[in-house]
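Enquirer: below is the structure, and that's it, no one-letter string:
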């Protein structure tokens, strides 16, 4: 008679420190707010401020992402003002187009990376911007 072997049940492995961030979806909302801003005016300012003053008080990851989104908002407002003035000498037109593409593409990248971030990963930082809020 053939002997049937039952595989041994292994004990579950202990949880590692590199799990998914618990509030990653909430933190990514700060970055998605730039796309929401195309439908709801000033959402790219209001949503990060609300996240900073609510969930950001308890969760450092949400706080850091909200600050980064606010820094992008400040950068974009200043950029549109300066590039708008440079439209007088025609150099501002391609700069405004480049800034608009930047504000469309990089928040999507930031939101996707934030949603898939783990406990030990760094907060996404937008390239080429200055940070007034630390």
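Expert: Here it is on my side, so go on. This one's a predicted model, so the numbers in the text were calculated from it and none came from an experiment.

Enquirer: check the offset of the helix or strand harbouring residue 78 from the chain's centre.
Expert: Secondary structure assignment for residue 78, by DSSP states H and E: helix 60-85. The offset between the C-alpha centroid of helix 60-85 and the centroid of the whole chain comes to 11 Å, using C-alpha atoms, centre = their mean, to the nearest Å.

Enquirer: then stretch 116-134?
Expert: Relative to its parent chain, stretch 116-134 has a centroid offset of 8 Å by C-alpha atoms, centre = their mean.

Enquirer: in it, what's buried?
Expert: 117, 123, 124, 126, 129 (16 or more other C-beta atoms under 10 Å). No exception for glycine: its C-beta is placed from N, CA and C like everyone else's.

Enquirer: and of those residues, the nearest to residue 90?
Expert: Proximity of those to residue 90 was ranked by C-beta to C-beta; the top entry is residue 129 with 24.5 Å.

Enquirer: mind listing what that closest one touches?
Expert: In this structure, residue 129 makes contact with 71, 72, 75, judged by C-beta atoms under 8 Å, 6 or more residues apart in numbering.

Enquirer: list the buried ones in stretch 84-100?
Expert: By neighbour count, and taking 16+ other C-beta under 10 Å as the criterion, the buried residues in stretch 84-100 are 92, 95, 96, 99.

Enquirer: stretch 68-80 too?
Expert: With burial defined by 16+ other C-beta under 10 Å, the residues of stretch 68-80 counted as buried are 68, 69, 70, 71, 72, 73, 74, 75, 76, 79, 80.

Enquirer: can you tell me which of the buried residues of stretch 116-134 is nearest residue 64?
Expert: residue 123 (4.2 Å).

Enquirer: cheers, nothing more for now.
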